[in-house]
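# here is the input, now give the coordinates:
(2 chains)
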Number of protein chains: 2
Amino acid sequence: MKDVASRAGVGLKTVSRVVNGEPGVTAGTRRRVQEAIDALGFRRNDSARVLRKGRTATVGLILEDLADPFYGPLSRAVEEVARAHDTLLINGSSAHDANRERELALALCARRVDGLLVVPAGTDHRYLEPEMRAGIATVFVDRPARAVEADTVLSDNHGGARAGVAHLIAHGHRRIGYIGDVPGIHTSDERLRGYRTAMEEAGLPVRPDRVSVGSTAPQRVRRAAEEMLDGPDPVTALLTGNNRVTVTVVRVLAERQPHRPVALVGFDDFELADLLRPAVTVVAQDPAGLGRVAAQRLFARMAQAELEPSVVELPTRLVVRGSGELPPVD
Amino acid sequence: MKDVASRAGVGLKTVSRVVNGEPGVTAGTRRRVQEAIDALGFRRNDSARVLRKGRTATVGLILEDLADPFYGPLSRAVEEVARAHDTLLINGSSAHDANRERELALALCARRVDGLLVVPAGTDHRYLEPEMRAGIATVFVDRPARAVEADTVLSDNHGGARAGVAHLIAHGHRRIGYIGDVPGIHTSDERLRGYRTAMEEAGLPVRPDRVSVGSTAPQRVRRAAEEMLDGPDPVTALLTGNNRVTVTVVRVLAERQPHRPVALVGFDDFELADLLRPAVTVVAQDPAGLGRVAAQRLFARMAQAELEPSVVELPTRLVVRGSGELPPVD
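As a prediction, this is how the structure comes out:
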């Protein structure tokens, strides 16, 4: 900085103004300073920009899919907490890929985030141990860390799915199908477990042809729904494992109207669910709550590194709107 | 690194394995290396992590609102292009705040992104000139840069809104209201201009009580809609300025059923618009296209800094579904 200032024949403050693109510097001075910076070869080694380093506290959030609306309120809640702490939030997406998650997490650490929130796609988070040991606060949200002990904030996936299926059973359904996300994902496995629990508690069989888990791609979900709806012994009700699955199943059912009505409970609330006909009954998570609680935990850990890792589970809420209260029709 | 290796009595590769959390290192060795790193005080100055610096190319994307579904496909398209270039994407949100945008953009530059995509909230982007001059490729998307010359990728907001209103006029409407986003935002101003153009081309008056621009917060939009619907000389049709406005107006209209039907054309497509009754006619943008074209331009500029700044405008598409074809009812 001194070199730049003396070479440009201006004060340090002026150099800083130029580097930070602040007003109050004439075009001529701005050019002289920039020339000095270029001449001194600071472009490559970022020294000019190092001025700014550490000025802004930053936390990172790694999501799994930028286009899944579930993450919208979660991200925004994290951002609001970060903002309240005068901290910037930067996000990245693993795009459902464990290697991508690791690459991104390490890249954010290398870029000196002060804390990291991770919605994990991966199944082994030991790669983060050196970072955590080096003082980067880390909190896992929506899904637990694997193979490391860390703060975690989850939804009650098992309890929510169980309540959703119990609701269908209470409305007289016996032939209930489950269409969910890829097995191995914590939320997916827990919701399937909730379906099984509710069926077993009612003494109902869990038939393999009434459980379909896999990609949430519309084609895959559509095929699964049609098999359960058109089989020899068709389902009268469905529990869908997340909002991506629900939206496709709603579409499949709508196309079949005025066919036999089929009851539906979706896991995750989604925009306009209340305006569809029938309005869609859902097991609502609290994505904003997940983000808020996880971010608050992150800042608590940033302030107090020695906190014991904790696991918080947020309740879900059954929102009754119509589709989940349709009676069984054979 | 050498110091760490010799102090821990291991090879450089082992140190790198530990720092990067890679497998194939015994717990004991891992601990010895970590102790050496700690002892040599590398925790603070990130030297250990500098190993990783520059290994992963990274571009930044600054959005305006993490919870607006419009940005989902846009972000994902940018990410796919980045991924095809073996580059990581990190996102941030300005939360509609110009200072926040500036803070975030400079923080990303300070963290050595190789390129920057900006959906600007601000109205003066001179603060980015030093960064752009220092070689950080920058492309503006959805809205133009202000006060700087830069690559820009936009939707045809004026043409799209004009076509939407012309469509309502073609279906016999004369009393057409417009409810849009905050004035001063490029997209908002352009869409309002499109409304005015279509009205004037049809020789229809643009009445102040039939134009309402401001926050897209549901309460504000609801009030605006109700004033236009319940006034002495109520509108028979509405053009809504973006998906946030449309969703609230759809809700207002649904609550009023079986009242007088009101025609609606929404700017922006949105999930499930086709399953609502009536299904919602929209002027669809191509958010994935905006992201893809902008990201491709960014990588072209990263490869060829001397490219002349260009402005690309993507067409919109009228998607006819029912709500926009309702006849006028007094």
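# by mean pLDDT, which helix or strand of chain A comes out lowest?
Using mean pLDDT, DSSP states H and E, helix A:47-50 stands out as the lowest-scoring helix or strand of chain A, at a mean of 36.
# continuing past that one, what's the next helix or strand?
Proceeding N to C from helix A:47-50, the next assigned helix or strand is strand A:57-63, under DSSP states H and E.
# who touches that next one?
Here strand A:57-63 makes contact (Cβ atoms under 8 Å, 6 or more residues apart in numbering or on different chains) with A:71, A:74-75, A:78, A:82, A:85-94, A:101, A:104-105, A:108-109, A:112-120, A:295, A:298, A:302, B:90, B:107, B:111. Quick note: C-beta positions are derived from backbone N, CA and C, even for glycine.
# just the buried ones from the residues you listed?
The neighbour count (16 or more other Cβ atoms under 10 Å in any protein chain shown) marks A:71, A:74-75, A:78, A:82, A:85, A:87-94, A:101, A:104-105, A:108-109, A:112-120, A:295, A:298, A:302, B:90, B:107, B:111 as buried among the contacts of strand A:57-63.
# which residue ranges of the stretch 101-250 of chain A form strands?
A:115-118, A:137-141, A:151-155, A:176-180, A:211-213, A:237-240 (DSSP state E, counting those that start in this stretch).
# mind putting the ones you listed in TSV, distance to chain B and mean pLDDT included?
Shown next, in TSV, are those (distance: least, Cβ to the nearest Cβ, whole Å; pLDDT from 0 to 100):
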stretch	distance to chain B	mean pLDDT
strand A:115-118	12	96
strand A:137-141	12	96
strand A:151-155	18	97
strand A:176-180	18	98
strand A:211-213	22	98
strand A:237-240	14	98
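# buried deepest among these, which one?
Of all these, strand A:237-240 has the most neighbours on average by mean count of other Cβ atoms under 10 Å in any protein chain shown, namely a mean of 30.
# and that one, how far out from the chain's middle?
Distance of strand A:237-240 from the chain centroid (Cα atoms, centre = their mean, to the nearest Å) equals 23 Å.
# then stretch A:289-308?
Worked out by Cα atoms, centre = their mean, stretch A:289-308 lies 17 Å from the chain centre.
# looking at the stretch 101-250 of chain A, which residue is nearest chain B?
Residue nearest to chain B within the stretch 101-250 of chain A (Cβ to the nearest Cβ): A:Tyr127, separated by 3.2 Å.
# spatially nearest residue to that residue (excluding sequence neighbours)?
Leaving aside its chain neighbours, A:Tyr127 sits nearest to B:Gly21 (3.2 Å; criterion: Cβ to Cβ, 6 or more residues apart in numbering or on different chains).
# repeat that for A:Asp3.
Nearest residue to A:Asp3 in three dimensions, chain neighbours excluded: A:Leu40, at 5.6 Å (Cβ to Cβ, 6+ apart).
# what does A:Arg126 give?
A:Arg126 sits nearest to A:Ala147 (Cβ to Cβ, 6+ apart), 5.2 Å away.
# list the contacts of that neighbour.
A:Ala147 touches A:123-126, counting by Cβ under 8 Å, 6+ apart.
# quick one: which of those sit in helices?
Secondary structure from DSSP state H places none of the contacts of A:Ala147 in helices.
# burial count for A:Ala288?
For A:Ala288, the count of nearby residues is 17 (other Cβ atoms under 10 Å in any protein chain shown).
# that one belongs to a helix, doesn't it?
Yes - under DSSP: H, G, I helix; E, B strand; the rest coil, A:Ala288 sits within a helix.
# hang on, it packs against A:Pro73?
Yes - between A:Ala288 and A:Pro73 there is a contact under Cβ atoms under 8 Å: 4.2 Å.
# roughly how far apart are the closest residue to A:Val25 other than its chain neighbours and B:Arg102?
Closest residue in space to A:Val25, ignoring its immediate chain neighbours: A:Arg17 at 4.9 Å, by Cβ to Cβ, 6+ apart. Using Cβ to Cβ, to the nearest Å, A:Arg17 is found at 14 Å from B:Arg102.
# and the residue of the stretch 101-250 of chain A closest to chain B, what is it in contact with?
The neighbourhood of A:Tyr127, defined by Cβ under 8 Å, 6+ apart, consists of A:102, A:105-106, B:20-22.
# then A:Tyr71?
So A:Tyr71 contacts A:63-65, A:119, A:287, B:66 (Cβ under 8 Å, 6+ apart).
# repeat that for 6 Å
A:Leu63 (Cβ atoms under 6 Å, 6 or more residues apart in numbering or on different chains).
# state the distance from it to B:Arg32.
In terms of Cβ to Cβ, A:Tyr71 sits 40 Å off from B:Arg32.
# ditto for A:His158
In terms of Cβ to Cβ, A:His158 sits 42 Å off from B:Arg32.
# neighbour count: these two, which is higher?
Taking neighbours as other Cβ under 10 Å, A:His158 and B:Arg32 compare with A:His158 leading, 22 against 19.
# residues contacting that one?
A:190, A:193-194.
# again, 7 Å this time
By Cβ atoms under 7 Å, 6 or more residues apart in numbering or on different chains, the contact set of A:His158 is A:190, A:193-194, A:197.
# equivalent analysis for A:Ile90, please.
A:58, A:60, A:108, B:90-92.
# any idea how far A:Ala237 is from A:Leu204?
With distances taken as Cβ to Cβ, A:Leu204 is found 11 Å from A:Ala237.
# what parts of the stretch 51-200 of chain A come near chain B?
A:52-53, A:56, A:58, A:66-67, A:69, A:72-73, A:75-76, A:79, A:88-93, A:95, A:103-104, A:106-107, A:109-112, A:126-130, A:133-135 (Cβ under 7 Å from any Cβ of the partner chain).
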